[in-house]
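Participant: coordinates only, sequence not included:
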């Protein structure tokens, strides 16, 4: 019997996942901000290891506004096969996690309110398997960048609004400024 290819070796995959879980746990704020808004929901960021690299699994969906959205990272098996309801999900696709730090096609714009400058990310990703191009922006892009910063511990090739030397404090500060802006308009 031939030894497993290093990129397919379960022990390598498990080690990557264990390291990622440790980094995520270090940045977990639990329910610290759950009191801020009564409208709350969670967004699952499903990660899997494919060919020795983390990938995020995406679905095309609509985004809601003025809701406190909590990103929840989940790890799924590399052999997972999505079976979406076509009435709710138009498509399912994978994007390498490092794409959200070193993209091929990327645009950013800025929104300033209440003395807070918000960076708006827009990634364009072309799936090499079928040639379909996807736009990843809004909260989805924001969460993908944040998870990539935590797990990969590398600096992006573009500007982010966080202090990369103190990611947790600067992200909490950003959340609180957004909260103050939203509640001042309610």
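Facilitator: Now that the structure is in, tell me what you want to look at. On a predicted model such as this, the values are computed, not experimentally measured, just so you know. Residues are numbered from 1 along each chain as shown.

Participant: Please count neighbours and contacts with C-alpha atoms only from this point.
Facilitator: Fine.

Participant: Quick check: closest non-adjacent residue to the residue nearest the centre of the chain.
Facilitator: For the chain, the residue nearest the mean C-alpha position is residue 144 (2.0 Å; C-alpha atoms, centre = their mean). Nearest residue to residue 144 in three dimensions, chain neighbours excluded: residue 100, at 6.4 Å (C-alpha to C-alpha, 6 or more residues apart in numbering).

Participant: Repeat that for residue 160.
Facilitator: Residue 160 sits nearest to residue 119 (C-alpha to C-alpha, 6+ apart), 6.5 Å away.

Participant: give me every residue that touches residue 17.
Facilitator: Counting by C-alpha atoms under 8 Å, 6 or more residues apart in numbering, residue 17 makes contact with 49, 75.

Participant: What number of residues are in the vicinity of residue 129?
Facilitator: 7 (other C-alpha atoms under 10 Å).

Participant: I meant to write residue 28 there.
Facilitator: 12.

Participant: what's the answer for residue 151, then?
Facilitator: Residue 151: 19 neighbours (other C-alpha under 10 Å).

Participant: just checking, it touches residue 26?
Facilitator: No - Residue 151 is not in contact with residue 26 according to C-alpha atoms under 8 Å; the separation is 10.4 Å.

Participant: State the number of residues packed around the closest residue to residue 94 other than its chain neighbours.
Facilitator: Spatial nearest neighbour of residue 94, excluding adjacent residues (C-alpha to C-alpha, 6+ apart): residue 57 at 4.6 Å. Neighbourhood size, residue 57 [other C-alpha under 10 Å]: 18.
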